[in-house]
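Asker: what shape does this take:
(one chain, ligands or ions: 1)
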Amino acid sequence: MNAETAKHALGTDRATAQLLAIVSVAYADRVRCGQPTCGHSVYRRIHVVRENEKLLVLGSTCFAKRYGNDRALGAAHFGSGDGRVLTDEERKLLLNNTETLIAQFEEEARLVQAAHSKLAPANLPPNPANTSARLPAAHFPQETPWAWVKPLTSVIYLKLKDGSGWIRAQRKDDQHLLLPWPVFEGWDEALPPLFGPIDGECGGHILPDVAAALRYLRSQSEWETKPGRWRDVMTEIASNTRGAWPPRPR
Ligand SMILES: [Zn+2]
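Answerer: As a prediction, the model looks like this:
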């Protein structure tokens, strides 16, 4: 690729760019981010954008880089923007026929709107942009959001100098896992091999050696919480980040 073409490929057209949907697929079904210089595989919060008549499939990090920040294009046109998990059928469309997938979303939205206007004309669904208000720390759930975590075990959070954050949690089979928190694009390629293989269902590394993993993280970390229950750790993160919660990934 010559310099001129490279420049063109990287050029964005914000004027025409429209965020259509934010979707997710299983880790095992992850797809390539469409940002020319990226090459990461992505599976959570995949951003589908129409730019200059073309559909782009971008990881959340590249979306934010390409358009300035993660809200640069406003709310997603279809869906609530929560990164809903695609069905098998939809996932195939995302890969092979994104236009058809978007047409399906369009049709769904039409049906939903028709149903709403019939049932409760004055009672529109809440705007997701208004419901994401920050909760006070005390409102963090007592337990982790993950069903695979062994009850009554502790978690710990480490914030690295590169901006990423990681949570160590214990699985019901006593295996320790390390998860990106929040999830960011390329997390599965961000740490050296000592962190072990990825468990796609849990979305983290299966740690072969917890002590070695923590030693490495501490050599790279800015700060860490005390080990504790989910609510306590979340509360400590919130107070350490002084209102900037949830933190932005790199
Ligand atoms: Zn990317």
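Asker: so which bits of the protein are right by the ion?
Answerer: The chain comes close to the ion at residues 33, 35, 38, 40, 59, 62, as judged by CB under 5 Å from the ion. The C-beta positions use only the backbone N, C-alpha and C, and glycine is treated the same way.
Asker: can you add distance to residue 72 and give the residues you listed back as JSON lines?
Answerer: Output for those, formatted as JSON lines (distance: CB to CB, whole Å):
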{"residue": "33", "distance to residue 72": "17"}
{"residue": "35", "distance to residue 72": "14"}
{"residue": "38", "distance to residue 72": "17"}
{"residue": "40", "distance to residue 72": "20"}
{"residue": "59", "distance to residue 72": "15"}
{"residue": "62", "distance to residue 72": "12"}
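Asker: for this protein, which element, helix or strand, carries the lowest mean pLDDT?
Answerer: When the helices and strands of the chain are compared on mean pLDDT, DSSP states H and E, helix 128-131 comes out lowest with a mean of 40.
Asker: after it, next one along is what?
Answerer: The first helix or strand that comes after helix 128-131 along the chain, using DSSP states H and E, is strand 156-160.
Asker: ok, that next one: who's next to it in the sheet?
Answerer: strand 165-170 (antiparallel), strand 221-224 (antiparallel) (DSSP bridges).
Asker: mean pLDDT added to the ones you listed, as CSV?
Answerer: Formatted as CSV, these follow (pLDDT from 0 to 100):
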stretch, mean pLDDT
strand 165-170, 95
strand 221-224, 93
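Asker: returning to that earlier point: and the residues of the chain next to the ion, which is closest to residue 158?
Answerer: Taking CB to CB as the measure, residue 40 is the one of the residues of the chain next to the ion closest to residue 158, at 21.9 Å.
Asker: quick check: phi and psi at residue 55.
Answerer: For residue 55, the backbone dihedrals (degrees, to the nearest 10) come out as phi -90, psi 130.
Asker: which residues touch it?
Answerer: 20, 48-49, 98-99, 102 (CB atoms under 8 Å, 6 or more residues apart in numbering).
Asker: cool, residue 203 as well?
Answerer: With contacts defined as CB under 8 Å, 6+ apart, the neighbours of residue 203 are 27, 44, 179-180, 183.
Asker: cheers, nothing more for now.
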